[in-house]
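>>> need coordinates for the below:
(one chain, ligands or ions: 1)
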Amino acid sequence: MNCGDIPYHIDYSPLQELRGASLVVLQLPDGLRAYTHCLLERVKRETGARVVVDADPTYGACDLHYPRLHSILGADAIVHVAHTPYPPDLSWPRVEPEGPPRIVYLQARSKAEPPIEAVREAARILRSHGPGRVALTATGQHVHVLRGIREALLEEGLNVVIPKGVPPYFEDGQVIGCDYRVARSAEADAHLIVAGGLFHPLGLYLATLRPVVQLDPYRGEAVDRTRMFERVYSARLYKVSRAMDAKRWGVVVGLKTGQYRPWLVERLLKLIEERGGEYILYAAESLNEERMRAIDAAEIDAWIITSCPRIPLDDLHHYEKPVLTPGEARMALSGSLTPYIFPW
Ligand code: SF4
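Here you go, the predicted structure:
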């Protein structure tokens, strides 16, 4: 792979902070693995350190592996590419360690940009949802295109806002798979999200229950996802209603660096006890259907995953027992289908 072909603009300037480090771990999303050698050389050159590439997957800034990278490997710094720091109020005690390893985030901006025809199509779809306010959001690698898209939508006569970010965790208009507070703060009537895939648009819909139009920079198209996501929403409500009769719960506690949420676990356990239920606590770093089948038991009626809320939603959506996000579990335990709570 030619390093000039990297499909992202990467800001390497934070590497200056790591001059003098001796062992640096480089963490990349799988989408950038093909260019590992380019980033590796750059990190070596800028820091002067020995660099080890983290071969384990990292799907977000909630998953930095720093305890073992420091205690076993002796890393004194981590370079994490393509995510902003995980919001500390969602994890405990905080995502980043007080001391070593130092963690430096390199932002990666996708070179893929939605064509103007797709933006105009998005405007047409949004108009079909009524004249209200539109919130314009994006995943981290696309936030840099939001201002230009907003200008184009204003020219189309739409009332468009880019919701304010919360630095350093969220840039203006930025969402992550388990946190849509920036989008919700706009109190918009409809949402336009710049993202590839369905992961973030679906989360945005469930967090707002407003029409969601996706502007996909990779496919160069605008698609109204609202109907599709309404069906997912109905299926989630069905799972919540089934879990309302659950007496015995399996509660999964996350062990990834940003996915340990004891405050949330305690709150859910209290709700279970108040309803006369019982629980078994499980601790897991990762969970998929295979592991779920391995740990599941006839005694358990329903599950709550407190680590990553996308596990019940994306990976275990078709599991035969209800597997709920924390927000959905709160609904089931309070015996109410409204309001729908996603994700926490
Ligand atoms: S959605 Fe899951 S993997 Fe992504 S940042 Fe949130 S907890 Fe991490």
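>>> got the residues of the stretch 151-300 of the chain near the ligand?
Applying Cβ under 6 Å from any ligand atom, we find that the stretch 151-300 of the chain lies next to the ligand at 176-178, 259. Any C-beta I mention is one placed from the backbone N, CA and C, and that applies to glycine too.
>>> next, the contact list for Thr226, please.
Listed by Cβ atoms under 8 Å, 6 or more residues apart in numbering, the contact set of Thr226 reads 129, 205, 211-213.
>>> returning to what we had before: mind picking the two most distant members of the residues of the stretch 151-300 of the chain next to the ligand?
Greatest spatial distance in those: Ile176 and Gln259, 12.7 Å, computed using Cβ to Cβ.
>>> quick one, which of those two is more surrounded?
Gln259 (26 against 22; other Cβ atoms under 10 Å).
>>> OK, contacts around the more buried one?
Taking Cβ under 8 Å, 6+ apart, we find Gln259 in contact with 62-63, 91, 306-308.
>>> and Thr208, by the same measure?
Shown in contact with Thr208 (Cβ under 8 Å, 6+ apart): 180, 183-184, 188, 191.
>>> distance of it from Ala138?
According to Cβ to Cβ, to the nearest Å, Thr208 stands 15 Å off from Ala138.
>>> now swap in Tyr319 and tell me
31 Å.
>>> the more surrounded of the two?
Using other Cβ under 10 Å, the more surrounded residue of Tyr319 and Ala138 is Ala138, with 26 against 15.
>>> quickly list what the closest residue to that one other than its chain neighbours is bridged to.
Closest residue in space to Ala138, ignoring its immediate chain neighbours: Val194 at 3.9 Å, by Cβ to Cβ, 6 or more residues apart in numbering. For Val194, the beta-bridge partners are Ala138, Leu215 (DSSP bridges).
>>> give me the neighbour count for Val194.
Using other Cβ under 10 Å, the number of residues around Val194 comes to 30.
>>> Ala122 too?
Under the neighbour criterion other Cβ under 10 Å, Ala122 is assigned a count of 28.
>>> quick one: secondary structure of it?
Here Ala122 takes the helix state, with states given by DSSP: H, G, I helix; E, B strand; the rest coil.
>>> for the spatially closest residue to it that is not a sequence neighbour, list each beta-bridge partner.
Excluding the flanking residues, the one nearest Ala122 by Cβ to Cβ, 6+ apart is Ala222, at 3.7 Å. Taking DSSP bridges as the rule, Ala222 bridges to Leu215.
>>> would you mind measuring from Ala222 to the ligand?
24 Å (Cβ to the nearest ligand atom, to the nearest Å).
>>> right, and that residue touches Ala195 too?
No. Ala222 sits out of contact with Ala195 when judged by Cβ atoms under 8 Å, with a separation of 11.8 Å.
>>> ok, back up a step: could the residues of the stretch 151-300 of the chain next to the ligand be laid out in CSV, adding pLDDT?
What follows is those, written out as CSV (pLDDT from 0 to 100):
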residue, pLDDT
Ile176, 98
Gly177, 97
Cys178, 98
Gln259, 96
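>>> list the contacts for the residue nearest to Ala138?
Val194 is in contact with 114, 136-139, 142, 145-146, 149, 215, 217, counting by Cβ under 8 Å, 6+ apart.
>>> just those residues now: which is nearest the ligand?
The shortest approach to the ligand among the contacts of Val194 belongs to Thr139, at 10.5 Å (Cβ to the nearest ligand atom).
>>> excluding its backbone neighbours, what's nearest the closest one?
The shortest distance from Thr139 to any non-neighbouring residue, by Cβ to Cβ, 6+ apart, is to Ala195 (4.7 Å).
>>> from Ala246, how far off is the residue lying farthest from the centre of the chain?
When distances are taken from the C-alpha mean of the chain, Gly276 lies farthest, 33.3 Å away, according to Cα atoms, centre = their mean. Gly276 sits 11 Å away from Ala246, going by Cβ to Cβ.
>>> how close does the nearest residue in space to Gln259 that is not next to it in sequence get to Tyr260?
Among residues not flanking Gln259 along the chain, Ser307 sits closest, at 4.0 Å (Cβ to Cβ, 6+ apart). Distance, Ser307 to Tyr260, by Cβ to Cβ: 8 Å.
>>> now do the same contact list for the residue in the stretch 201-344 of the chain that the ligand sits nearest to.
Across the stretch 201-344 of the chain, the shortest distance to the ligand (Cβ to the nearest ligand atom) belongs to Cys308, at 3.2 Å. For Cys308, the contact set (Cβ under 8 Å, 6+ apart) comprises 59, 62, 177-178, 254, 256, 259.
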